[in-house]
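# okay, predicted coordinates and the sequence, questions at the end:
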Amino acid sequence: MPASVLVANRGEIARRVIRTARQLGIRAIAVYSDADQDLPFVAEADQAVRIGPPQPAASYLNVDAVLAAAAQAGADSVHPGYGFLAENAGFAARVIGAGLTWVGPPPAAIEEMGDKINARNLMERAGVPVSAGSREPVADVAAALAEADRIGYPVMIKAAAGGGGIGMSQAASPAELAAGFETARSRAERFFASPAILLERYVERARHVEVQILGLADGQVIALGERDCSVQRRHQKVAEETPSPGVGAELRAAMLAAAELAGLAVDYRGAGTVEFLVDVEARDFVFLEMNTRLQVEHPVTELVTGIDLVQQQFLIADGEQVSFDPAAVRPSGHAIELRVYAEDPKRFLPSPGTITSWSQPSGPGIRVDAGYLAGNTVTPFYDPLLAKLCVHGADRAQALRRAAAAVAEFEVAGPKTNLPFHAELLASAAFSSGDYDTGLIARLRA
Amino acid sequence: MTQVRAEMVANVWKVVAAEGDTVADGDTLVILESMKMEIPVIAEESGTLTQLAVAEGDVVQEGDLIAVIE
């Protein structure tokens, strides 16, 4: 185990990493921007270092500032959380170059999976199913139209360097593709500093199901079960559950095996997630992308397996064995995560503001990973995640009941939150039946 | 005369229209950015943009004036 860790992140995930670090006797160092100085993760760390003004580019994305903080605080490892610098291979390499332990995968694995086209090609060679799609970047509209003819409509237009659902759009015809292509290119350029675009066959009725993997210190890769992340708005996840109600034993076994192959193909170490698209009608799956970091929704896996994934990250980063027997993992019960966002529950528009009161649920099977307390201000500079309300039940029915009761108990005043949406979601037949797909929210709002 | 105001705290990412422009109902005037989301501010009536009260990089509070259409 490292003796100390700098947590290069903010909000709920910084707080969550700090909690495990402290339990393990690792000195936790927080970094914060001027917008975040009053948040609980700053107070709960053993030491906190200011790294800059609120704008992410000047603080949490500022590699030099983060590394300077690590040197100043005498950190001997860096945990990136998710987002910000977590999938920045250059940052990982600089951490390692500075003689610190990087609590994440090898920079080469980040780089290979970071380019979506490279990742697709690599997965195809490794025997992981991929959808019909681009094998090289699509340069212009003419090339896109030719490529779409080969793939077949409808197609999805994506940024090759992208993620987080930003800049994705679909096209059902050549006219839509021609219109969408330039928009996709300019967004890719702005958000990901690369205009490379790929096309993929669009699946009409799909579930988004991902597999948690751990690359162990000895090179073995193990899969710790799946998470269903089909409840999405603007291609971003809102609720997740495990096990997936849409995946049977046979499909699950095939997906877990494919996820292990994906990890082996990039010599993966630490926690990672392989995302798949499950075709509801065809009952098969294709590789979407791999997230080379801890996921936002990792708690549902922790709840059903009893494994602290952040602890395993620390152990693997230091070349040690994991804390459990990989051959004896038996997931138990059902877990659901609801992302509580500062946004209005109807149109999902951001709603920053000062939190005047905060009362969160507690009790058997309830876990709340929150980034804020009463009195904190939610600023417009970062994503709208306030807290993750996670529940665990003996089965899905119990988890659903616990979730509904917990949502009713959760009271936040100040910013608008999507808690009323979660109440609506849990009460809907579409969600409670388990028979849903990524179009669920659009249909609830139609 | 219509005053267009900010619906939330946000950063002004892009100013699309200019003072003196003739705008139509539904035209994008300004694009705000808040919580990693782009929020277009739309003209709700047709007319002339007589005032544009924000510049790129500004931070607007809920209710702040963005533009005036006459």
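Great, that's in hand.
# quick one: contacts for the residue of the stretch 201-350 of chain A found nearest chain B?
Closest approach of the stretch 201-350 of chain A to chain B (C-beta to the nearest C-beta) occurs at A:Pro350, with a separation of 3.9 Å. C-beta: built from backbone N, CA, C; applies to glycine. When contacts are counted by C-beta atoms under 8 Å, 6 or more residues apart in numbering or on different chains, A:Pro350 touches A:Ala342, A:Glu343, A:Pro380, A:Pro384, B:Met8, B:Ala10, B:Ser34, B:Met35, B:Met37, B:Ile39.
# tell me which of those has the lowest pLDDT.
Of all those, B:Met37 has the smallest pLDDT value, namely 84.
# burial measure for that one, as a count.
18 (other C-beta atoms under 10 Å in any protein chain shown).
# also the one 5 residues further on?
Other residues within reach of B:Ile42 by the criterion other C-beta under 10 Å amount to 13.
# what does A:His422 give?
27.
# what about it, which SS state?
helix (DSSP: H, G, I helix; E, B strand; the rest coil).
# could you do A:Asn9 as well?
Quick answer, by three-state DSSP: A:Asn9 is coil.
# same check on A:Tyr60?
Going by three-state DSSP: A:Tyr60 is coil.
# excluding its backbone neighbours, what's nearest it?
Nearest residue to A:Tyr60, sequence neighbours excluded (C-beta to C-beta, 6 or more residues apart in numbering or on different chains): A:Phe84, at 4.6 Å.
# just want the most central residue of chain A.
A:Gln295 (3.6 Å; C-alpha atoms, centre = their mean).
# who does the strand or helix carrying A:Val412 pair up with?
Here A:Val412, judged by DSSP states H and E, is contained in strand A:411-413. The strands beside strand A:411-413 in its sheet (DSSP bridges) come out as strand A:357-359 (antiparallel).
# what comes up buried for the strand it pairs with?
Buried positions in strand A:357-359, judged by neighbour count with 16 or more other C-beta atoms under 10 Å in any protein chain shown: A:Trp358.
# and for stretch A:168-183?
For stretch A:168-183, the buried set under the neighbour-count rule, 16+ other C-beta under 10 Å, comprises A:Met168, A:Ser169, A:Gln170, A:Ala171, A:Glu176, A:Leu177, A:Gly180, A:Phe181.
# so what's the fifth one closest to, chain neighbours aside?
So the one you mean is A:Glu176. Counting by C-beta to C-beta, 6+ apart, the residue nearest A:Glu176 is A:Gln170, at 7.8 Å.
# now for the helix or strand that contains that neighbour, which elements pack on it?
If you go by DSSP H and E, A:Gln170 is part of strand A:169-171. Packing partners of strand A:169-171 (3 or more C-beta pairs under 8 Å, 6 or more residues apart in numbering or on different chains; DSSP states H and E): strand A:155-159, helix A:174-192.
# please pull out the lowest mean pLDDT helix or strand from the chain.
Picking chain A for this. Lowest on mean pLDDT, DSSP states H and E among the helices and strands of chain A sits helix A:174-192, with a mean of 86.
# hm, I was asking about chain B
Per mean pLDDT, DSSP H and E, strand B:37-42 ranks last in chain B, at a mean of 88.
# and the strand holding A:Val412, how far out from the chain middle?
When C-alpha coordinates are averaged (C-alpha atoms, centre = their mean, to the nearest Å), strand A:411-413 and its chain have centres 25 Å apart.
# in it, what's buried?
Quick answer for strand A:411-413 (16+ other C-beta under 10 Å): A:Val412.
# equivalent analysis for stretch B:42-61, please.
B:Ala43, B:Gly47, B:Leu49, B:Leu52, B:Ala53, B:Val54, B:Asp58, B:Val59, B:Val60.
# could I get those residues as CSV with pLDDT and distance to A:Gln23?
Below are the buried residues of stretch B:42-61 laid out as CSV (pLDDT from 0 to 100; distance: C-beta to C-beta, whole Å):
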residue, pLDDT, distance to A:Gln23
B:Ala43, 93, 55
B:Gly47, 95, 62
B:Leu49, 96, 58
B:Leu52, 95, 54
B:Ala53, 96, 51
B:Val54, 96, 47
B:Asp58, 91, 44
B:Val59, 90, 39
B:Val60, 93, 43
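# need the max-distance pair from these.
For the buried residues of stretch B:42-61, the farthest-apart pair by C-beta to C-beta is B:Gly47 and B:Val59; their separation is 26.9 Å.
# so which of the contacts of A:Pro350 belong to strands?
Those of these mapping onto strands are B:Ala10, B:Ser34, B:Met37, B:Ile39, per DSSP state E.
# counting contacts, what elements does the least confident helix or strand of chain B pack onto?
If you count contacts as 3+ C-beta pairs under 8 Å, 6+ apart, strand B:37-42 packs onto strand B:28-34.
# hmm, the strand it packs on in reach of chain A?
Yes - judged by C-beta under 8 Å from any C-beta of the partner chain, strand B:28-34 and chain A are in contact via B:Glu33, B:Ser34.
# starting at the chain centroid, how far to that strand?
Using C-alpha atoms, centre = their mean, the offset of strand B:28-34 from its chain centre is 6 Å.
# contacts for it?
A:350, A:352, A:380, B:4, B:6, B:8-17, B:23, B:38-43, B:49, B:52, B:54, B:60, B:66-67.
# which of these are buried?
So, by 16+ other C-beta under 10 Å, the buried ones in the contacts of strand B:28-34 are A:350, A:352, A:380, B:4, B:6, B:8-13, B:15, B:17, B:23, B:39, B:41, B:43, B:49, B:52, B:54, B:60, B:66-67.
# the stretch 1-150 of chain A against chain B: which residues are in contact?
Checking the stretch 1-150 of chain A against chain B by C-beta under 8 Å from any C-beta, there are no hits.
# what about the stretch 1-150 of chain A, any weak spots by pLDDT?
Applying pLDDT under 70 to the stretch 1-150 of chain A flags no residue at all.
# how does chain A divide into domains?
What automatic domain parsing lists as the domains of chain A is A:4-103, A:132-201, A:206-444.
# can you get me the start-to-end distance on the second one?
What it means is domain A:132-201. Criterion C-alpha to C-alpha, to the nearest Å; first-to-last residue distance in domain A:132-201 is 6 Å.
# in stretch A:21-36, which residues are buried?
For stretch A:21-36, by 16+ other C-beta under 10 Å, it's A:Ala21, A:Leu24, A:Ile26, A:Arg27, A:Ala28, A:Ile29, A:Ala30, A:Val31, A:Tyr32, A:Ser33, A:Ala35, A:Asp36.
# circling back: which of the helices and strands packed on strand A:169-171 sits closest to A:Gly439?
Of the helices and strands packed on strand A:169-171, the one closest to A:Gly439 (C-beta to C-beta) turns out to be strand A:155-159, at 13.9 Å.
# good, wrapping up.
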